[in-house]
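>>> Sharing a sequence plus its predicted fold:
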Amino acid sequence: MSIQETQPLLSRREGQILVLTNNNPTARNALTPAFFAALPEALADAEAKVDIAAIVLTGAGGNFCSGGDLNQLATRQKMLTGERRSAMERLHILIRSVRNCSKPVVAAVDGAAAGAGLSLALACDMLVATRNSSFTMAYVKVGLTPDGGATSLLAELVTRQILTELCLSGGSITGERLHELGAVNRLAEAESALPEAIALAERIAAGPQRAMARIKKLCRTAHEHSFSQQLEQEAEYMVESLGDREAAEGIAAFLGKRRPDFSSLRSQTQQIEG
């Protein structure tokens, strides 16, 4: 068995895009302790590199992620309540690392995204899925309840009625249906989610990184803040953005009727910090 086959997370570059691949295909990319450790570390490393502008998260072998490993969950049954609760924190760290990453993260979903795998996909900023990909909240089928923020993340995208049906029935919903509901940004043909996601990430990557990091936060808090809180947050970020070189370049480009060059600003930052 090669080293690549045993790595829980594969990483490669596509220009400014970092492609991260959940690499457990024989188990439909079920979450493992090694993956819990590897993904937050990879995202933290990507945040520290100014030449990475966006991230694509996908799965190997035709599936995104089938969620938690039932063998591990069976072992967890024998733990004390406090121990079970501590074990859950690994999943929380994983989901937060994706959701709180300052750089845009695009999920490329082929095949199944089930249970915590669905949470992982929805924690990303944008979602590309194939028409026949399936999104499943199967917890009820084994006597369990949703975790990983699944109910909160889905509630941002679908009605309470659809959320309740998915959770209580354990049924699945296709990528095509989620696209109709507005929860999928791009709908791809079979086996084409990854190139579509990379193309979307490349388009986003051309933008101003610091401004985009603030925009990401605003998009996240829009569902959580009151209107007054969101106004204050927008005002704070606008004041900060106006003081950045990105705004100077963007405004100068608009007035000069040319395309802004935000990439050169990132290169200058890298040289200064290097």
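That came in fine, so what should we check first?

>>> Please spell out which residue in this structure sits farthest from the middle.
residue 256 (36.0 Å; CA atoms, centre = their mean).

>>> and that residue, backbone torsions?
phi -90, psi 0 (degrees, to the nearest 10).

>>> now residue 105
phi -120, psi 120.

>>> Over to the one 4 residues further on?
Reported as degrees, to the nearest 10, the phi and psi values for residue 109 are phi -110, psi 110.

>>> Return the residues in contact with it.
Contact analysis of residue 109 by CB atoms under 8 Å, 6 or more residues apart in numbering lists 58, 59, 64, 121, 127, 128, 129, 130, 133, 135, 175, 193. Glycine gets a C-beta too; all of them are placed from N, C-alpha and C.

>>> where does the most centrally placed residue in the chain sit relative to residue 113, distance-wise?
The residue lying closest to the centre of the chain (CA atoms, centre = their mean) is residue 124, at 1.9 Å. Note on residue 124: its distance to residue 113, by CB to CB, to the nearest Å, is 11 Å.

>>> Mind listing the shared neighbours of the two?
Contacts common to residue 124 and residue 113, judged by CB under 8 Å, 6+ apart, are residue 107.

>>> so where is this protein shaky, pLDDT-wise?
The chain contains residues with pLDDT under 70 at 1-5, 70-71, 73-75, 267-274.

>>> again, only using 50
268-274 (pLDDT under 50).

>>> you'd agree residue 225 is up against residue 218?
No: the pair residue 225 / residue 218 is not scored as a contact, 9.2 Å apart, by CB atoms under 8 Å.

>>> Pull up the overlap in contacts between the two.
residue 233.

>>> in the stretch 101-250 of the chain, which spans are strands?
With strands called from DSSP state E, counting those that start in this stretch, the stretch 101-250 of the chain shows them at 105-109, 112-114, 126-130, 134-136, 172-174, 186-188.

>>> Out of these, which gets nearest to residue 263?
Comparison of those against residue 263 by CB to CB identifies strand 105-109 as nearest, at 18.8 Å.

>>> Put the alpha carbons of the closest one into PDB.
Extracted in PDB, the C-alpha atoms of strand 105-109 (Å, rounded to 0.1, in the frame of the first residue of the first chain):
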ATOM      1  CA  VAL A 105     -14.100  27.000   1.200                       C
ATOM      2  CA  VAL A 106     -16.000  25.300  -1.600                       C
ATOM      3  CA  ALA A 107     -17.400  21.800  -1.100                       C
ATOM      4  CA  ALA A 108     -17.300  19.500  -4.200                       C
ATOM      5  CA  VAL A 109     -19.900  16.700  -3.500                       C
END
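
>>> partners of that strand, with directions?
When pairing is defined by DSSP bridges, strand 105-109 lines up against strand 54-59 (parallel), strand 126-130 (parallel).

>>> Please produce a markdown table containing those strands, extended by distance to residue 82 and mean neighbour count.
Shown next, in a markdown table, are the strands paired with strand 105-109 (distance: least, CB to CB, whole Å; neighbours: other CB atoms under 10 Å):
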| stretch | distance to residue 82 | mean neighbour count |
| --- | --- | --- |
| strand 54-59 | 31 | 27 |
| strand 126-130 | 35 | 26 |
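
>>> which one of the strands of the stretch 101-250 of the chain lies closest to residue 151?
For these, proximity to residue 151 was assessed by CB to CB; strand 134-136 is nearest, at 13.5 Å.

>>> What strands flank that closest one, and is each parallel or antiparallel?
Its sheet considered, strand 134-136 pairs with strand 112-114 (parallel), strand 172-174 (antiparallel) by DSSP bridges.

>>> List of residues touching that strand?
Outside of strand 134-136, the residues within contact range by CB under 8 Å, 6+ apart are 109, 111-115, 118, 121, 129, 166, 170-175, 178.

>>> repeat that with 6 Å
112, 113, 114, 118, 172, 173 (CB atoms under 6 Å, 6 or more residues apart in numbering).

>>> gap between the first one and residue 173?
When CB to CB is applied, the distance between residue 112 and residue 173 equals 12 Å.

>>> can you list the domains in the chain?
3-205, 209-273 (automatic domain parsing).

>>> Highest average neighbour count across those domains: which stretch is it?
Counting by mean count of other CB atoms under 10 Å, domain 3-205 has the highest mean neighbour count of those, with a mean of 18.
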